[in-house]
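Engineer: Generate coordinates for the sequence data below:
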Amino acid sequence: MRWIFLGLLSLTLGMTNLKAQELKIVTQDQVLEMLNKTPDSGYIVFNFWATWCPPCLDELEYFYKADTALKGENYTFVFVSLDPERSQKSTARFIKKMGIPGVHYLMQQDSIAKFIEAADPTWQGSIPFTILIHKNGKKSHEGAFFSYKDLWNFIRFD
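Structural biologist: Numbers count the residues shown, from 1 in each chain. Okay, the predicted model is just below:
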C-alpha cells in the first residue's frame, strides 16, 4: 500500500515535470487521483481526447493558443488520451508531430463507464471533455470548443 501511495504521490507531484510531447500510460485510478487533487493555487485544465476523434483534433489549436497566451501564469494543461493502449507509440508520434503543449497521458480503459461517472457525474460519455480545476472548485465542458474565444471564456472564469 505504501508503494502505491508513493507512486501516486510522485505521479501527481511530478505532473508538471513531464516534458511536452512525452506520453505516459496511466490507470483510471491514477487519473481520478489527479482529478481529485485541488491545487493550492493556479489552474489545471484536463482535456480527454483521442486521435480518432475529429472534434478533439479540431480544438487542439485552441489549447495550443491558450497555452502560449498563458505562459508565465499558473496554468497546467493535461491531455488524457483515450486511444487504445496498443497505440501508445503512434499517439506519442502524433502529439510530437502536432506540437501539442502540456502534459500527456494515455489512460488504460478497464471500465470506461465507471470512470466517467467517477470523474464527473455530468459527463455523458462523449469526447472531447474538459475539466478545469482550481482552488475554488471545478467545472466541466462536454464537446468541442467551437472557437478559441469559447475555450478562453471557459478557462478564464473566476
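
Engineer: Give me the residues contacting the longest helix anywhere in the chain.
Structural biologist: The longest helix of the chain (DSSP state H) is helix 54-69. For helix 54-69, the external contacting residues (Cβ atoms under 8 Å, 6 or more residues apart in numbering) are 45, 47, 49-51, 75, 77, 79, 98-102, 127-128, 143-145, 147-148, 150-152, 155. In short, each C-beta sits where N, CA and C put it, glycine included.

Engineer: again, only this time at 10 Å
Structural biologist: 20, 45, 47-51, 53, 75-77, 79, 81-82, 94-95, 98-102, 126-130, 143-152, 154-156 (Cβ atoms under 10 Å, 6 or more residues apart in numbering).

Engineer: What residues sit buried inside it?
Structural biologist: Cys56, Leu57, Glu59, Leu60, Tyr62, Phe63, Tyr64, Ala66, Asp67 (16 or more other Cβ atoms under 10 Å).

Engineer: which is the next helix or strand following the helix or strand of the chain with the lowest mean pLDDT?
Structural biologist: Scoring the helices and strands of the chain by mean pLDDT, DSSP states H and E places helix 2-13 at the bottom, with a mean of 36. Per DSSP states H and E, the first helix or strand lying C-terminal to helix 2-13 is strand 23-26.

Engineer: next SSE after that following strand?
Structural biologist: Next along from strand 23-26, by DSSP H and E: helix 28-35.
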